[in-house]
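Q: Attaching a predicted model along with its sequence, questions to come.
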Amino acid sequence: MEHHAVEPTEFCERELLQHNLFLYTGPAAQAEIKSPEFSGLRWIRPGALWVMPQGSRHQVRFERNVEGVALAFDPATFDRMVQSSDGKASMPIMHSLNVCPPAINHLMRALMHESNDPSTPDGIALECIATAIALATCQHARAIATTTKTGPRLAPKQVRAVQAYAETHLHQQISLADLAATAGLSPFHFLRSFKGSLGSTPAQYVLDRRMERARHLLRVSALTVSEIGIGVGFEDVSHFSRAFRRAVGVTPSAFRNSAQQ
């Protein structure tokens, strides 16, 4: 994942080795594009999504500053994700430049925000958003059935296993793949099922549990703020303090002082 903000420039012809998505977020700009699928001057406006599959070739010259967020998927991994969710094998991804579907637009912007100011120390939020983008892309292309209003759910045994895993690993890195494996599901299936069962994304659930443990330790222990941050998975005390303040509304030190009054 990359956030691009560059001056007018030209990208020489290249053949992509991965599936690439690029959401344009800057002011409307003209670009001269040369590719087998479409060529010529094109206006690229905020909210345009450029889908560039593996093997596609293009050359582009932007006539003004370029700003946007880019996400790349390894094709083999992408195919496995699709197939694990009962999707069409080897789904053809078409080279296109169109208005971004609202769900993908929202997720791509969330990805950019999360990368600029991470809410978790282990990247699980980025992993969840990127997986959700892949899922939304497949649903938009009708390679995967759209989730119903109720959606799939985890069995009670799976919920207990995931909760137990999270509680015992809050001080360590936790990945979406770890949680999905605990439930015996693929990341796609797990992500689709988790929110329907627990009401939040896996990343938000883990962050909430970390903040709850941090609040408890701040109330009852003599550990330093730095030690508590490490104990809930944050090696950087400033990152812990920012995450705590976003979640609770005050800094860890202010929370401890208020709890002790």
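A: Ah, there it is.
Q: in this protein, which helix has the most residues?
A: Counting by DSSP state H, the longest helix found in the chain is helix 202-220.
Q: That one: how far from the chain's middle?
A: 21 Å (C-alpha atoms, centre = their mean, to the nearest Å).
Q: swap in stretch 205-221?
A: For stretch 205-221, the distance from its own C-alpha centre to the chain's C-alpha centre is 24 Å (C-alpha atoms, centre = their mean).
Q: Stretch 42-62 now?
A: Taking mean C-alpha positions (C-alpha atoms, centre = their mean), stretch 42-62 and its chain are 21 Å apart.
Q: now swap in stretch 238-255 and tell me
A: From the chain centre to the centre of stretch 238-255 is a distance of 23 Å (C-alpha atoms, centre = their mean).
Q: now swap in stretch 30-39 and tell me
A: Per C-alpha atoms, centre = their mean, the displacement of stretch 30-39 from the mean C-alpha position of its chain is 29 Å.
Q: again, but for stretch 226-246
A: With C-alpha atoms, centre = their mean, you get 21 Å for stretch 226-246.
Q: thinking again about what came up before, mind checking the pLDDT average for the longest helix of the chain?
A: Averaged across helix 202-220, pLDDT comes to 96.
Q: mind showing which ranges of the stretch 151-261 of the chain have poor pLDDT?
A: Residue ranges of the stretch 151-261 of the chain with pLDDT under 70: 151, 261.
Q: That one: helices as residue ranges?
A: Secondary structure of the stretch 151-261 of the chain (DSSP state H, counting those that start in this stretch): helices located at 156-168, 176-183, 187-198, 202-220, 225-231, 237-248, 252-259.
Q: mind putting those in TSV, distance to Thr77 included?
A: For every residue, glycine as well, the C-beta is placed using N, CA and C. Conversion of the helices of the stretch 151-261 of the chain to TSV gives the following (distance: least, C-beta to C-beta, whole Å):
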stretch	distance to Thr77
helix 156-168	22
helix 176-183	11
helix 187-198	10
helix 202-220	18
helix 225-231	32
helix 237-248	28
helix 252-259	37
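Q: The chain - how does it break down into domains?
A: Listed by automatic domain parsing, the domain ranges of the chain are 2-140, 156-199, 208-259.
Q: end to end, how far does the shortest one reach?
A: Read that as domain 156-199. One end of domain 156-199 to the other measures 14 Å (C-alpha to C-alpha, to the nearest Å).
Q: before we move on, what about the first one?
A: As for domain 2-140, its first-to-last residue distance stands at 23 Å under the measure C-alpha to C-alpha.
Q: Just put the helices of the stretch 151-261 of the chain in CSV and tack on mean neighbour count and distance to Ala72.
A: CSV is the format used below for the helices of the stretch 151-261 of the chain (neighbours: other C-beta atoms under 10 Å; distance: least, C-beta to C-beta, whole Å):
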stretch, mean neighbour count, distance to Ala72
helix 156-168, 14, 29
helix 176-183, 20, 18
helix 187-198, 21, 17
helix 202-220, 19, 20
helix 225-231, 18, 32
helix 237-248, 18, 25
helix 252-259, 15, 36
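Q: so which strand or helix has the most centrally placed residue in the chain?
A: In the chain, the C-alpha nearest the mean C-alpha coordinate belongs to Ile129, at 2.1 Å (C-alpha atoms, centre = their mean). Assigned by DSSP states H and E, Ile129 belongs to helix 124-140.
Q: In that helix, which residues are buried?
A: By neighbour count on 16 or more other C-beta atoms under 10 Å, the buried set for helix 124-140 is 124-139.
Q: Go through these and name the one nearest Lys34.
A: Thr137 (24.9 Å; C-beta to C-beta).
Q: Not counting sequence-adjacent ones, nearest residue to the closest one?
A: Closest residue in space to Thr137, ignoring its immediate chain neighbours: Ile104 at 6.3 Å, by C-beta to C-beta, 6 or more residues apart in numbering.
Q: my guess is the one you found meets Leu135, correct?
A: No: the pair Ile104 / Leu135 is not scored as a contact, 10.0 Å apart, by C-beta atoms under 8 Å.
Q: Can you tell me what sits against stretch 2-11?
A: With C-beta atoms under 8 Å, 6 or more residues apart in numbering as the test, stretch 2-11 has contacts from 22, 26, 59-70, 112, 115-116.
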